[in-house]
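Chemist: Just to be clear, the model below is a prediction. Sequence and coordinates:
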Amino acid sequence: MKNNKVSFITLGCSKNTVEAESIIGLFLKEGYEISGDLSNTDIIIIHTCSFIQDAQAESHYQIQQAGLLKQKNKNLKIFVSGCLAQLLKDKMQKDYPFIDGYVGTGKFDKIVKLIKKNKFFADTNCAGGVNNFKSRVLSANTPSTYIKISEGCNHRCSYCIIPNLRGNFVSRPIKSIIDEAKALADAGIKELNVIAQDTTSYGIDIYGKLSLAKLLRELSKIKQLKWIRLLYAYPSTINKELLETISQTENICNYIDIPVQHISKSVLQNMKRPLNSRKIIENIKKDFPEITLRTSLITGFPNETETDFKELLSFVKQNYFEHIGIFGYSDQKLAKSYKLKNKISQQLTEKRLQILAKEQFKNVIQNNKAKIGKSFEVLPETISKNKIYCRAYFQAPEIDNTIIVNNNKNIKLGKFIKVNIKSFKDYDLIAK
């Protein structure tokens, strides 16, 4: 086959990774060869993200780098897929005339057929995604991966453009998810991270009620899965049944990622987010203290007063969260928050972000000290400079801190071991 080598550059979150793995499978099915060498390939597909400005900047950078490769190889084809292609197609056509085509989020299943054309512009107004697990090919040699249980979102947070890019919330049937999970387990996956734009609304559209707890119980029956982890939980749809299922089921990690974004009611109101997030978190920590919580916070949101910020800072000091991702507000022209007045300067936003990060670091030190002398089962994942980097149930892949163990020839990557925490260095724990 002419032009049969395809290289992928996947940007953004884990949801994009799962999507790219499904697209890779579609190419393999058609006889293409997947190449990791960008300097020796026929086609480069850049699977983009545009959720925040930093993600857009990274996408633009990778497109520019691919353009430099095309200057050296005139026969190289460059295609842009995903969120940025949907958001900025017209601008990108002007700025990057060397791009050969675009695929929006609603046309991924057509990508191989479209790419066989010399030049194309798929319908980038059609929102959606791809959940064709039968074509999915794992891109990393690791016993941990993600499973996407729904697409799109029905919430209309004022700062978010996901519904514009991905459409309304659509759940996958339980059977489809279980079939994929079994296939992943048979392929050697031991840790399954459950993801979506909004995981806790799962099932409301196709079963008429919140069904995430039921789905998790069905996943837990797959005995090869040692860890099942829940990410991206929307605060107001977390119920007691879900929490009890997590707490009482052996192979479901006592861990939930709940992006609350802020705690001040005036800011939450402007964000169009649940106003009772504080109460939700307090109740979880009171009734289910064994569950580790992670969250995401946004500071510098339009109209965020000093009082609002101090309330958020006070909330962080409560140490409800083992892990926090802190972001400065990022303007998006399609988002409703773009029209809000009283924008916070970048300088003040960065100052507030650093204050929050410094306070959370105090919590990390406190939490790490409390783990000294305790033993945990961990998953060894990587080796670097004679150190093995592992994770316990309270640490999600890629985003949380790690547990470091001195290299030992008896330790096999991907094989669970038990370690004892001896000390810590900054965010990371040191174990033996």
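Modeler: In hand now; what should we look at?
Chemist: which regions of the stretch 251-400 of the chain lie under the pLDDT threshold?
Modeler: Within the stretch 251-400 of the chain, no stretch has pLDDT under 70.
Chemist: Could you rerun that using 90?
Modeler: 330-335, 382-386 (pLDDT under 90).
Chemist: Show me the domain layout of the chain.
Modeler: What automatic domain parsing lists as the domains of the chain is 5-121, 133-369, 375-431.
Chemist: tell me the SS of Val419?
Modeler: When classified by DSSP: H, G, I helix; E, B strand; the rest coil, Val419 comes out as strand.
Chemist: Count the residues that sit near it.
Modeler: By other Cβ atoms under 10 Å, the residues close to Val419 number 22. Using the backbone N, CA and C atoms, a C-beta is placed for each residue, glycine as well.
Chemist: Quick one: residues contacting it.
Modeler: 375-376, 378, 390, 403, 405, 431-432 (Cβ atoms under 8 Å, 6 or more residues apart in numbering).
Chemist: Could you rerun that using 10 Å?
Modeler: Contacts for Val419 (Cβ atoms under 10 Å, 6 or more residues apart in numbering) come out as 374-378, 380, 388, 390, 392, 403-405, 411, 429-432.
Chemist: now those residues: which count as buried?
Modeler: Among the contacts of Val419, those that count as buried by neighbour count (16 or more other Cβ atoms under 10 Å) are 376, 378, 380, 388, 390, 392, 403-405, 411, 429-431.
Chemist: Let's have the residues you listed in CSV, adding secondary structure and distance to Lys341.
Modeler: Shown next, in CSV, are the buried ones among the contacts of Val419 (DSSP: H, G, I helix; E, B strand; the rest coil; distance: Cβ to Cβ, whole Å):
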residue, secondary structure, distance to Lys341
Phe376, strand, 49
Val378, strand, 49
Pro380, strand, 51
Ile388, strand, 52
Cys390, strand, 48
Ala392, coil, 45
Ile403, strand, 46
Ile404, strand, 47
Val405, strand, 52
Ile411, coil, 56
Leu429, strand, 45
Ile430, strand, 49
Ala431, strand, 51
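Chemist: Dump those to a markdown table, plus distance to Glu191.
Modeler: Formatted as a markdown table, the buried ones among the contacts of Val419 follow (distance: Cβ to Cβ, whole Å):
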| residue | distance to Glu191 |
| --- | --- |
| Phe376 | 14 |
| Val378 | 11 |
| Pro380 | 12 |
| Ile388 | 17 |
| Cys390 | 12 |
| Ala392 | 11 |
| Ile403 | 15 |
| Ile404 | 19 |
| Val405 | 18 |
| Ile411 | 17 |
| Leu429 | 18 |
| Ile430 | 22 |
| Ala431 | 18 |
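Chemist: Many thanks, we can stop here.
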